[in-house]
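1. Please find the sequence and the predicted model below.
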Amino acid sequence: MHLTILSRSPAIYTTRRLTEAARARGHRVRVVDPVQVEMGLGGTRPALFHRRRPFPRSDAVIPRIALSISQYGLAVVNQLELLGVPVLNRAQGISASRNKMRCLQLLAGRGIGVPLTVMASDASGLKDMVKHVGGLPVLVKLLSQSERTGLMICETLQSLEAALEAILGLGQNIVVQQYVKRTRGRDLRVFVVGGEVVASLRRRPRVGRFARTLTRGAQFEACTLPPGHARVAVETARVVGLEVCAVDMLDVKGGPLVFEVNSSPGLREVEGACGLDVAAAVVARAEILVGGKRPARRASAGAAGMS
């Protein structure tokens, strides 16, 4: 199989692990930077180029679209779909996962539990917003145009009002969300590949920090996922439309609450904590998607008259 990984750099840990796993399974792998891809429409069929040459033969593509190039990267993924190339994940699913409020709306509409949440475009009705999400303290999430999510905890109405006025004054949208303390719930990350849970871990932020990343001092440990939680994670991936994702949930009394879905999750933490080859599971899913299909044709320059 000829496998293409869309990524800004082959040196990125997850990209490197996917490359290693694919080669270990006997596949040919190429890492392509999405911003070095050109697209053409019109003519007999869509055209796709890499550095002004026909896009390399690809039986399947694993997109690793960075937030900084999300819009252009998603256009590249969509172009590949138009050409009939199997992709893990499709552009629509990646886009849905990165619109945080829209993602929660999709999940809530299908009966999947999410934290109490309100979205605001102004600071009026502040007290009602707080009541709706269960009272103070609350989480405030900044939704920027780059789709990066800022996060803070507000413990008083005064601090919340100040935060909202500052953020909304910059023209940004915000989400106010129920804050579940660690003493009342576990923070879980569940990896789903091809409709199956392949790994799950518990995340513990460093004391005094809320960030859940390894670089900011968070700790990770493998955990056994209850069957009900696994079903919620799998259903979440299906609803959002993702073959590969990490589902972040709070394990609270009454059932899990999904608060985020990551369509390009890093593998360093999960493989280190769980001792599992998650990269191989992703490549195996690509093999299944390709199945007995013929390799997709390379996009020709004649389709768009590009030279």
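-> Yes, it's here. Everything numeric here is computed off the predicted structure, so don't read it as measured data. Numbers count the residues shown, from 1 in each chain.
2. hey, let's count contacts and neighbours off CA atoms from now on
-> Fine.
3. and the gap between residue 19 and residue 81?
-> 22 Å (CA to CA, to the nearest Å).
4. And these two? Which one has more around it.
-> residue 19 (23 against 15; other CA atoms under 10 Å).
5. wait, is that one part of a helix?
-> Yes: judged by DSSP: H, G, I helix; E, B strand; the rest coil, residue 19 forms part of a helix.
6. Any idea how many residues pack against residue 289?
-> 18.
7. Helix, strand, or coil at it?
-> helix.
8. residue contacts, it?
-> 60, 86 (CA atoms under 8 Å, 6 or more residues apart in numbering).
9. Repeat the analysis, applying 10 Å as the threshold.
-> 59-60, 85-88, 194, 243, 283 (CA atoms under 10 Å, 6 or more residues apart in numbering).
10. Okay, it and residue 30: tell me how far apart.
-> 18 Å.
11. now swap in residue 110 and tell me
-> From residue 110 to residue 30 the distance is 38 Å (CA to CA).
12. So these two - more neighbours on which side?
-> Neighbours were counted for residue 110 and for residue 30 using other CA under 10 Å; residue 30 has more, 18 against 12.
13. would the more buried one count as being in a helix?
-> No: under three-state DSSP, residue 30 sits outside any helix and is assigned strand.
14. Make 16 the first number, not 1, from now on.
-> I'll keep to 16 as the first residue from here, and by that count the last item is residue 45.
15. That one is in contact with residue 16, isn't it?
-> No: between residue 45 and residue 16 there is no contact under CA atoms under 10 Å: 11.2 Å.
16. Beyond the one helix or strand in the chain whose mean pLDDT sits lowest, next helix or strand please.
-> For the chain, counting by mean pLDDT, DSSP states H and E, strand 164-169 ranks last in confidence among helices and strands (a mean of 78). Toward the C-terminus, strand 164-169 is succeeded by helix 172-184 as the next helix or strand (DSSP states H and E).
17. Beta-bridge partners for residue 63, please?
-> Assessed by DSSP bridges, residue 63 has beta-bridge partners residue 54.
18. Against residue 279, how distant is it?
-> From residue 63 over to residue 279 (counting by CA to CA), the distance is 23 Å.
19. neighbour count winner among these two?
-> residue 63 (26 against 19).
20. any idea how far the nearest residue to residue 147 once chain neighbours are set aside is from residue 123?
-> Distances taken as CA to CA, 6 or more residues apart in numbering place residue 131 nearest to residue 147, at 7.1 Å, with adjacent residues excluded. According to CA to CA, residue 131 and residue 123 sit 10 Å apart.
21. Next: residue 58.
-> From residue 58 to residue 123 the distance is 42 Å (CA to CA).
22. who has more neighbours, the two?
-> residue 123 (14 against 11).
23. does the more buried one sit in a helix, a strand or a coil?
-> helix.
24. Quick check: chain neighbours aside, which residue is closest to it?
-> That would be residue 129: by CA to CA, 6+ apart, it lies 6.5 Å from residue 123.
25. which regions of this protein sit below the pLDDT cut-off?
-> 138, 159-165, 186, 196-200, 221-232, 307-322 (pLDDT under 70).
26. at 80 instead, please
-> The model of the chain has pLDDT under 80 over residues 135-142, 157-166, 179-189, 195-200, 220-233, 307-322.
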